[in-house]
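Novice: Let me see the structure of the following:
(3 chains)
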Amino acid sequence: MENDQQPEIRKVPFARMIMDDFMLLLFLGVTIYAIFYLLWGIMELSNLPGIPEEIKETLNK
Amino acid sequence: MFRTCDITGFKVDLRSEKLIRYNAVFAVISLLLAVIAAILLVFTRYQPVHLLGAEWYYRLVTFHGLNALIFWIIFFEIAGLYFGSTVVLNTRFCAPRLGWVAFGLMVAGLVMSNIIILMGKADVMLTSYTPLKAHPLYYLGVILFAVGALLGVILFFGNLMIARREKAYGETMPLFTYGLMTAAIIAVITLASGALIYIPTFLWSLGLIDNIDPAMYKLIWWGLGHSSQQINVAAMVSIWYLVSFLSVGGTSINERVSRSAFVLYILFICLASAHHLLTDPGVSSAWKVWNTSYAMYLAVLASMIHAFAVPSSFESAQRRWGYNKGLFQWLSKAPWGNPAFSSIILAIIGFGFIGGTTGVIFGMEQTNIIVHNTIAIPGHFKGTVVIGTTLTFMGITYYLIPLIFRRKIVGFKWAKWQPWLFFIGIALLSVSMIVLGQLGVPRRHWDSTFSGGPFTYNFNPAVDFFWALMMLGGTLAFLSTIIWILIVVISVFFGPKLKGPADMQLSISPLAPEVKAHKGFEAPGTLVLTLLFLLVFLALFFLNWKWLAATWNVN
Amino acid sequence: MSLFSPAEGWFDKKVSRDEKVWMVISLLLCISMFVWMIMWHVYGKQNPSSTTYRTSTAEYSKLGEAYAKQNMVGVDNGIPVVRPRPNSDVFIVSEMWRWSPVLILQKDQAYKFHISSKDVVHGFSIQPVNMNFQVYPQYDYVLEFKPTEAGEYKVICNEFCGIGHHAMIGKIVVIENEEDLKLYGYENFKKEPDPLPEKKGERLSETEMALLGEQVYVLKGCGACHKTDGSSLIAPAWNGLFGKEEEVIENGSKTSVKVDEAYIRESIKDPQRKITVGFENTPMPVFPVTDDEIEQLIAYIKTL
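Specialist: Now for the predicted structure:
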C-alpha cells in the first residue's frame, strides 16, 4: 500500500486482461467457430463437382 | 427492490428472483413431459413389451428430444444465468420487463411446438433433417423459444455490463459467474446458428423456398444442436465449483488454471459439432479432423483440467478442515448426507467415466464409423447430459428450494436417496445402450426384427440381456425423476416457509481455513482418481480402435 | 470463492505440483490423439475419406436403375442381385423403404460404392460388421470398400426416414469361391449379366410383357411397399389384385372401384387421387414410369 499522491499505475498482464474481458471473449468465440466450422464447411459443400462423364458413360453401353 | 438474504448475506433483486422462479418452474414442467415420454419409449424399444406403435414411437422420440435436450435444460440455464449475474454479483437486473418478454416467448414456443408434435404434424425427430418436412408451426415454435432464450442471454450480458460499470465485483468476476459467462457465449453461438438454419427451413415449410440442401442443413443444424449441449458442460462445471463452495467451503485451487480452461471452452468447444458429420459425404477429412478434435483437443484439455480442478477443490478444502488421513479420508468424511453434494459427486463420476470417455472416442473421425447412428450414441449422451448435467441441475435445486423459493424441502429423507437411484438407473441405461450400439443395434428404430422387410437380421444374442438391463435402468431413472419432481413441486408450492438459517436442511459451509503455501501435492487423492480415469479411458480407446481395425477396409 | 471475486494475486499464484503433473499428462494425451487420427489416414485401413459428387435425385435414380438393369444376374425377394467386377463402380440406391441392389462381392477385392438416396436422408449400416455411413439425396457418396471376411451381411437403415424405416433392409453376400453361392440359394444365377436385348419393333407377347413387368417391379422399387405374398403393411399386396373390388377414398369420401387397367394406370400416374382404405398414412409418391413400363406392370400384375 503506497502513499503516493498520484493514482497507482498497475500493469495488468495482457493475458489477464483478455481473460477478464467477456465481450472480447464473446467475439473470439463466435469468430473462431464461424470461420473454422461454418465458413470452411459451407465452402467445401459448395465446391463439389458433378458425377464425371466417364462414370456415366459406362452405364450407357 | 432488494432483499438481503438472511442465510447467505447476498443482495437479491426481487424482480430477478421472480424471473428465476418462473423459469425454474417451467424447466421442471418440461422435464416432466420429457420423462413421461421417456418411459413409454423405453418400453417400446424393449420389444417383449413393444408398447407403442411405430407412429407414436417416432412421435414421442421427437417430443422427448425437444423437451429434454432443449426446453428442460435451457429454461433451467436461463434461471441460472439470471442468478449468476444478479444475486451473485449483488447487483440489479438490467431490464426485468424484457426478462418477461423472453419468458413469454419461450413458453409460447414450448406450447406451440409440443402441440404440433402431439398432433402428428412434426414426426421429424429433434434434428428434423431435410427433406423430412414438418408443419410450419413446429419450426415457428422452436424459433420463438430460441429468440426468447437469446434475449435472456443478452440480458445476462446486460447485467454483467451494469455490474462491471458499477464496480459491483472489482475487476474479476467470481468463478461461478465466469463459468456461466462461458455458457452464455456458447449460447450465443448456439442460438445464432439456430436462427441461421430454422428461419430458411421455416420459409421452406411454408413453400416460399424451393429446396434446402440436406448437407448444408445438417452442417448448420449441428451448430445449434451440439453447441447447445456445450452450454450444458460449462453450466454444469460452474455448478460443480458452486456446490464445492456451498457444501465444504472449497474453491478452485488455482483460479488462473480453472479460468483458462473456461477460455479454451469459449474458443474451441463449438468446433466439435463436426463429430456429427464424420461419416458424411461432402466435407473433407481435413475439416473433419481439425474440427472434431476441438482444435488439437485443446477443449478436451480444458475438460481434463476441470476433471482435476473440481475434485481437488473438494479435497483441498476437506484437508484444510482436518480430514487429512491417507488418500481418501477427505472423500469418505465428506457431507454425503447433503443431497446436493452427493448429486454432484455422482454427476462427476458418471460424466467422466461414461459420457466423457465415450464422447472423445466416438468423436474421432475413424472410430465414429462403428458407432454412427447406432444406439450407442444416445447411450453416450445419456452419460453426459443426463447423468452429468441433469443430475447436477437436480442437485443444485436442493439449494434453490430454500434459498430462492424460501421453502423447506418436503420429504428430505427421500431427497438423500434420490441422487443414488437416479445415478444407478441412468448408468445402467447408458452403459447398456452403448453395448447394444457396439453390437450394431440402430437408434431411432421401431423394430429390430425388421418385420415387413424383404430380409431379416438377428443381432448377437447378447443383446437380449442388455435390452433387459436398459429397461431396468430406464425404469429406475424414471421413478427417481418422478420422486425428484414430486419433492420439488410439493416443497415449492406446499412446503413450510423457510424462516431463517435454522430451517436450512442442507448446510452451507463456511470458507475452509487458509493454510500457508503447500509443499508437495495439494490433492493426491484427486491425482489417483484422475490417473484411474486415464487408465479406463485408454482401455476403452484401444478397445474401440481394435474393433474398428477388425471391420472391412474402407477408404 | 466460487461466489466471490478471487483474492488479490490469483493470477500469479503458483500451480501446485500435482495439478501440473496432470496438466502435462493431459496435454500429451491430447496431442497424441490428434496425431493418431492423422496417422491412421496413412497407416490405417478404415477411413471415411471419400469422394463426393453433386447429383440430383432424378439423375441418380436413372443411373442406379441403368446400373441394376445392366448388371443384374438374378432377383432375391423382389430386389435385383448384382455381382460387380472388382474395382468397378457399384451404384447403390436407397429410398423409402429399401436398399437396392443386393450385392455378391468377392472377399479381399475392392469395390467403389456409390451411395445416394432418391428421397430423404438414410443411414447405410452394414451388419454384423457394424460400419455406418450417412446417405444423402443430391449427393453421390463414393467409398471404396474391401470386404475382409466372407459371409452374409445385411444393410439396415439407421437414419429415421419415415414409418417404414424399420422394414428397410438390404443384403450383401461376400464369397470366397463359387460353392459359397449355394449357401444363399444363388447357385443358379447367371455368371455374367445378359446383354441388353435390342429394341424390337413388333408387339411383345403377354408372357414377354409380364417378364418385363417383373423387371420394372424390381428395378423401380415397387417391391419395397407392394408385396406379392399377401402381406400388406405399407401398401396393398399385388397378388390377387387384378379384377378385385377395392374400397378407396376419393375427395374425402369412401367409394368402391374395380381394379382394372385404367385404375392401375391412374394409381401410378396420380396416386393421391384414390387412396386405398387402410393406407392413408403411407401415401405413395409419384414414380417416374414410362407408359410402356406401366403396360408391362399391368401384364405382370395380371399373372399374380
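Novice: what about stretch C:131-138, near chain A?
Specialist: No - applying C-beta under 8 Å from any C-beta of the partner chain, one finds stretch C:131-138 separated from chain A by no less than 10.0 Å. In short, each C-beta sits where N, CA and C put it, glycine included.
Novice: What average pLDDT does that stretch get?
Specialist: Averaged across stretch C:131-138, the pLDDT comes to 96.
Novice: Check the offset of it from the chain's centre.
Specialist: For stretch C:131-138, the distance from its own C-alpha centre to the chain's C-alpha centre is 10 Å (C-alpha atoms, centre = their mean, to the nearest Å).
Novice: Only the buried residues of that stretch, if you could.
Specialist: Judged by neighbour count (16 or more other C-beta atoms under 10 Å in any protein chain shown), stretch C:131-138 contains these buried residues: C:M131, C:N132, C:F133, C:Q134, C:V135, C:Y136, C:P137, C:Q138.
Novice: what pairs with the nearest residue to C:P137 once chain neighbours are set aside across the strands?
Specialist: Among residues not flanking C:P137 along the chain, C:S117 sits closest, at 4.3 Å (C-beta to C-beta, 6 or more residues apart in numbering or on different chains). Residues in a beta bridge with C:S117, per DSSP bridges, are C:S94, C:P137.
Novice: Could you pull up the contacting residues of C:S117?
Specialist: Neighbouring residues of C:S117 by C-beta atoms under 8 Å, 6 or more residues apart in numbering or on different chains: C:T57, C:V93, C:S94, C:E95, C:V135, C:Y136, C:P137.
Novice: Check B:V300 too.
Specialist: By C-beta under 8 Å, 6+ apart, the neighbours of B:V300 are B:S293, B:Y294, B:V360, C:C30, C:M33.
Novice: and the helix or strand hosting C:W22, how far out from the chain's middle?
Specialist: Using DSSP states H and E, C:W22 falls within helix C:17-43. Helix C:17-43 sits 40 Å away from the centroid of its parent chain (C-alpha atoms, centre = their mean).
Novice: I'd like the mean pLDDT over that helix, please.
Specialist: Averaged across helix C:17-43, pLDDT comes to 94.
Novice: Contact residues of chain A facing chain C?
Specialist: Residues of chain A lying near chain C (C-beta under 8 Å from any C-beta): A:13, A:15-16, A:48-52, A:55-56, A:58-61.
Novice: farthest-separated two in those?
Specialist: The two members of the residues of chain A next to chain C with the most space between them (C-beta to C-beta) are A:P13 and A:K61, at 71.8 Å.
Novice: where do the helices sit along chain A?
Specialist: If you assign secondary structure with DSSP state H, the helices in chain A sit at A:14-20, A:22-33, A:40-46, A:53-58.
Novice: Likewise for the stretch 451-555 of chain B?
Specialist: Under the criterion DSSP state H, counting those that start in this stretch, the stretch 451-555 of chain B contains helices at B:463-494, B:524-549.
Novice: tell me what the first one is packed against?
Specialist: Yep, that's helix B:463-494 we're talking about. Identification of packing neighbours for helix B:463-494 by 3 or more C-beta pairs under 8 Å, 6 or more residues apart in numbering or on different chains; DSSP states H and E yields helix B:14-45, helix B:391-403, helix B:412-438.
Novice: ok so, going back, looking at the contacts of C:S117, spot the one nearest chain A.
Specialist: For the contacts of C:S117, the closest approach to chain A (C-beta to the nearest C-beta) belongs to C:Y136, at 10.5 Å.
Novice: Residue 54: neighbouring residues, count only.
Specialist: Using chain A here. Using other C-beta atoms under 10 Å in any protein chain shown, A:E54 is surrounded by 8 other residues.
Novice: sorry, should have said chain B
Specialist: 21.
Novice: Surely it and B:W446 touch.
Specialist: Yes - judged on C-beta atoms under 8 Å, B:A54 makes contact with B:W446 at a distance of 4.4 Å.
Novice: Could you list the low-pLDDT ranges of chain A?
Specialist: Along chain A, segments meeting pLDDT under 70 span A:1-11, A:61.
Novice: Pull the residues that contact stretch B:11-26.
Specialist: Contacts of stretch B:11-26 (C-beta under 8 Å, 6+ apart): B:1-5, B:71, B:75-76, B:78-79, B:82-83, B:86-87, B:90-93, B:96, B:99-100, B:103, B:106-107, B:110, B:152, B:397, B:400, B:404-405, B:492.
Novice: In PyMOL, select just the buried ones from those.
Specialist: To isolate the buried ones among the contacts of stretch B:11-26 in PyMOL, judged by 16+ other C-beta under 10 Å, type:
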select buried, chain B and resi 2+5+71+75+76+78+79+82+83+86+87+90+91+92+93+96+99+103+106+107+110+152+397+400+404+405+492
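Novice: Now, the contacts of stretch B:11-26 that are in strands?
Specialist: B:F2, B:R3, B:T4 (DSSP state E).
Novice: show me what contacts the first one?
Specialist: Read that as B:F2. B:F2 sits next to B:K11, B:V12, B:D13, B:L14, B:R92 when contact means C-beta under 8 Å, 6+ apart.
Novice: among those residues, who's most crowded?
Specialist: Counting neighbours by other C-beta under 10 Å, B:D13 comes out on top of the contacts of B:F2 with 22 neighbours.
Novice: how close does that residue get to B:C94?
Specialist: As for B:D13, its distance to B:C94 is 10 Å (criterion: C-beta to C-beta, to the nearest Å).
Novice: ok, back up a step: the contacts of B:V300: which two are farthest apart?
Specialist: B:Y294 and C:M33, at 10.4 Å, using C-beta to C-beta across these.
Novice: before we move on, the earlier item: a markdown table for the contacts of C:S117, including distance to B:K133?
Specialist: A markdown table is the format used below for the contacts of C:S117 (distance: C-beta to C-beta, whole Å):
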| residue | distance to B:K133 |
| --- | --- |
| C:T57 | 15 |
| C:V93 | 22 |
| C:S94 | 18 |
| C:E95 | 17 |
| C:V135 | 18 |
| C:Y136 | 16 |
| C:P137 | 13 |
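Novice: of those residues, closest to B:I116?
Specialist: Nearest to B:I116 among the contacts of C:S117 is C:P137, at 24.9 Å by C-beta to C-beta.
Novice: In the stretch 201-304 of chain C, which residue sits closest to chain A?
Specialist: Taking C-beta to the nearest C-beta, the stretch 201-304 of chain C has C:L219 as its residue nearest chain A, at 13.2 Å.
Novice: repeat for the stretch 1-150 of chain B
Specialist: In the stretch 1-150 of chain B, the residue that lies nearest chain A is B:S85 (10.6 Å; C-beta to the nearest C-beta).
Novice: and that residue, what is it in contact with?
Specialist: Applying C-beta under 8 Å, 6+ apart, we find B:S85 in contact with B:T91, B:F156, B:N159, B:L160, B:A163, B:T177, B:L180.
Novice: at 6 Å what do you get?
Specialist: Listed by C-beta atoms under 6 Å, 6 or more residues apart in numbering or on different chains, the contact partners of B:S85 are B:F156, B:N159, B:L160.
Novice: element containing the second one?
Specialist: Taking DSSP H and E as the definition, one finds B:N159 inside helix B:136-165.
Novice: Just give me how far that helix sits from the chain centre.
Specialist: Put simply, helix B:136-165 sits 19 Å off its chain's centre (C-alpha atoms, centre = their mean).
Novice: buried residues in it?
Specialist: For helix B:136-165, the neighbour count (16+ other C-beta under 10 Å) marks B:136-160, B:162-164 as buried.
Novice: now do stretch C:79-90
Specialist: In terms of neighbour count (16+ other C-beta under 10 Å), stretch C:79-90 has its buried residues at C:I79, C:P80, C:V81, C:V82, C:R83, C:P84, C:D89, C:V90.
Novice: Backbone dihedrals for residue 48, please?
Specialist: By default, I'm working from chain A. Per-residue torsions, A:L48: phi -90, psi 140 (degrees, to the nearest 10).
Novice: cool, and B:S448?
Specialist: Dihedral pair for B:S448: phi -80, psi 20, per degrees, to the nearest 10.
Novice: How about C:I264, nearest residue that isn't a chain neighbour?
Specialist: Among residues not flanking C:I264 along the chain, C:I298 sits closest, at 5.4 Å (C-beta to C-beta, 6+ apart).
Novice: Name the residue of the stretch 401-550 of chain B that lies nearest to chain A.
Specialist: In the stretch 401-550 of chain B, no residue comes nearer to chain A than B:E514, which is 20.3 Å away by C-beta to the nearest C-beta.
Novice: Sweet, I'm off.
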